[in-house]
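*Asks:* my questions are about this predicted structure, shown below with the sequence.
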Amino acid sequence: MDWSLITNYMPLYLKGALVTFQIALLSIVCATVLGYLIALMRLSPSKILQSLAFVYVWVFRGTPLLLVLFFFYYAAPFGLKLSAFSAGLLAMSLNSAAFKSEILRAGLLSVPKGQLEAAEAIGMSPIKKMIRVTIPQAVRLTIPPYINNCVILLKESAQVSIVTVPDLMLAAQRAYNSTYSPMETLGVAGVLYLTMSSALMLLQYFSEKKLRISTR
């Protein structure tokens, strides 16, 4: 193990890790908002909204993230020319939203109908019912699969390096091309990915612990 290689390229790794964190975090936020809207469309009484949401989920769950990434980077519709970062963010958000929508839909469906009927009986508005009855109960069931999906999204963000997004994986590739030392270059990247993933896993652990305490 040549520690000098690690220290020499550490600024490059940290810069790449910051880009990975940024694109993963933005993708999680965008995918969560879009996924929630799609979940509501799937549960809507409107057959048109249900059909549109079903087609969206079917398409993006059935196509690889890499293919979607290439599509937006090389063949974006309407003549758009997206930067590598924008194409990566868009592809990751749209792809992840399809999976998150199913997770969120399952959580919303898990709320007993009796409680929703009781909320309506005491005069709660649909928004108030959603905030005070549906969401708090759905969150407890969706946290494990939701954060697991976020961890997967963080790891899959390495694919954006293929279209030259200067993320952690591209930093490791550049370091390897200069040193030809896979142990040091790929090892550091692996440790940094594991660190970021572990932070999400800890968030899941403490969130579940807090929810268990609050329900006692």
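*Replies:* Thanks, I have the structure now. Residues are numbered from 1 along each chain as shown.
*Asks:* so where does the residue nearest to residue 68 when sequence neighbours are not counted fall, helix or strand?
*Replies:* Nearest residue to residue 68, sequence neighbours excluded (Cβ to Cβ, 6 or more residues apart in numbering): residue 91, at 4.4 Å. (Glycine included, C-beta is placed from N, CA and C.) Following DSSP states H and E, the helix or strand that holds residue 91 is helix 84-109.
*Asks:* after that helix, which helix or strand is next?
*Replies:* By DSSP H and E, the next helix or strand past helix 84-109 is helix 113-121.
*Asks:* what is the mean pLDDT for that following helix?
*Replies:* Averaged over helix 113-121, pLDDT sits at 75.
*Asks:* which stretches of this structure form helices?
*Replies:* Applying DSSP state H to the chain gives helices spanning 3-42, 47-61, 65-74, 84-109, 113-121, 126-129, 135-156, 168-179, 182-214.
*Asks:* for the residue nearest to residue 31 when sequence neighbours are not counted, which residues are in contact?
*Replies:* Excluding the flanking residues, the one nearest residue 31 by Cβ to Cβ, 6+ apart is residue 96, at 3.8 Å. Residue 96 is in contact with 27-28, 31, 35, 149, 153, counting by Cβ atoms under 8 Å, 6 or more residues apart in numbering.
*Asks:* likewise residue 116?
*Replies:* 129, 133-134.
*Asks:* I figured the residue nearest to residue 68 was touching residue 63, is that so?
*Replies:* No - between residue 91 and residue 63 there is no contact under Cβ atoms under 8 Å: 10.1 Å.
*Asks:* neighbour-wise, which of these two wins?
*Replies:* Ranked by neighbour count (other Cβ atoms under 10 Å), residue 91 and residue 63 place residue 91 first, with 26 against 14.
*Asks:* where does pLDDT dip in this structure?
*Replies:* Scanning the chain with the threshold set as pLDDT under 70 gives 1, 212-216.
*Asks:* could you redo the last one with a cut-off of 90?
*Replies:* Across the chain, the ranges flagged by pLDDT under 90 are 1-7, 75-81, 107-141, 143-144, 178-185, 204-216.
*Asks:* state the distance from residue 203 to residue 95.
*Replies:* 22 Å (Cβ to Cβ, to the nearest Å).
*Asks:* so these two - more neighbours on which side?
*Replies:* residue 95 (24 against 14).
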